[in-house]
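Q: Here is a sequence together with a model predicted from it:
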Amino acid sequence: MTWHTPRGDRFLHGPEAELFCEALTVLTNWIDGDVDEDQRLYECGIPAFDSVTPCGQLALLADVGFALLRETDRCPRLSAVSESTVGAIFLAMEQSVQHEIDNEFELPDGVFWRQRILQAVRCIDAELEVPDTDCSDFDEWEFLVDVLRDTILWDRDFEAEPTFVDADPTEVKDIKIDMGIGKDYFCEVAPDPSDKELETIRLRLRSLRSK
């Protein structure tokens, strides 16, 4: 029991966990590069995640990674910060698939991502119609990534954050009620780790890959 999902409180295992860990690793490497270069190069397009410093993003990835890939005693509170981190990981998965399709004949394993997506989807819904492993239609794979994402995220309320930034507080309250968004959903502050804390965070992230 580690994450509140539409399928109950659970953590990932088997092919679903392996795929998620691969996407987590990819995103970690991209952001780690920003930290090493001391400049922001990567943005996923989700404001709630992109507004966090690269060091803070690594801390979020470690927390979310442990929540979804390790069994713990309690589930973290769902917030725009935590759920946008999950969303960013799945976007990294989509971008990896797109890169694989565009460069299929130049890569050592030209169907690496597509094969793992199929394995994960079969664990979720064995009867779902899926494309062949070598299908080059990105829309087909984007749909399957959505299927996997929707087994973890209740919705994508975190994408609505820009709507509330400059809006009237009274209107914001009414909109949140209409959308079923908790009043504190956008209030969680992202972490801002020190250099010493960052080393521990990197060790935590590396330990997830060794499972």
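A: Okay, I see it. Numbering: from 1, shown residues only.

Q: show me where this protein has strands.
A: Secondary structure of the chain by DSSP state E: the strands cover 3-5, 8-10.

Q: For Asp36, which of the ones you listed is the nearest?
A: Closest of the strands of the chain to Asp36 is strand 3-5, at 29.7 Å (criterion: CB to CB). C-beta here means a position set from N, CA and C on the backbone, and glycine is covered the same way.

Q: List the pairing partners of that closest one within its sheet, with orientation.
A: The pairing partners recorded for strand 3-5 under DSSP bridges are strand 8-10 (antiparallel).

Q: Flag every buried residue along the partner strand.
A: Burial within strand 8-10, assessed by neighbour count using 16 or more other CB atoms under 10 Å, is assigned to Arg10.

Q: follow-up on the earlier one: which one of the strands of the chain lies closest to Arg77?
A: strand 3-5 (8.7 Å).

Q: coming back round to it: distance to Leu41 and mean pLDDT added to the strands of the chain, as a markdown table?
A: A markdown table is the format used below for these (distance: least, CB to CB, whole Å; pLDDT from 0 to 100):
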| stretch | distance to Leu41 | mean pLDDT |
| --- | --- | --- |
| strand 3-5 | 29 | 94 |
| strand 8-10 | 34 | 94 |
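
Q: The ones you listed: which one's closest to Glu199?
A: Using CB to CB as the measure, strand 3-5 is the one of the strands of the chain that comes nearest Glu199, at 26.0 Å.

Q: which residues touch the closest one?
A: Counting contacts by CB atoms under 8 Å, 6 or more residues apart in numbering, the residues outside strand 3-5 that touch it are 9-11, 67-68, 75-76, 78, 151-154.

Q: what about the strands of the chain, which gets the closest to Ser84?
A: Sorting the strands of the chain by CB to CB, the top spot, which is the nearest, belongs to strand 3-5 at 14.4 Å.

Q: Now do the helices in this structure.
A: Chain-ordered helices for the chain, with DSSP state H as the definition, fall at 14-37, 47-50, 54-69, 80-102, 112-124, 138-149, 161-165, 169-179, 195-209.

Q: Can you pull out the low-pLDDT segments for the chain?
A: 1, 161-180, 211 (pLDDT under 70).

Q: just to revisit the earlier point, just the buried ones among the contacts of strand 3-5, please.
A: Judged by neighbour count, with buriedness set by 16+ other CB under 10 Å, the buried members of these are 10-11, 67-68, 76, 78, 151-153.

Q: Let me know the closest of the residues you listed to Val130.
A: When these are compared for distance to Val130, the smallest value, 15.2 Å, is given by Thr151; criterion: CB to CB.

Q: Surely the closest one is in contact with Ile124?
A: Yes. Thr151 sits in contact with Ile124 when judged by CB atoms under 8 Å, with a separation of 5.7 Å.

Q: what touches both of these two?
A: Contact criterion CB under 8 Å, 6+ apart; residues shared by Thr151 and Ile124: Glu16.

Q: Format the strands of the chain as JSON lines; extra columns: distance to Gln115.
A: Conversion of these to JSON lines gives the following (distance: least, CB to CB, whole Å):
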{"stretch": "strand 3-5", "distance to Gln115": "24"}
{"stretch": "strand 8-10", "distance to Gln115": "24"}
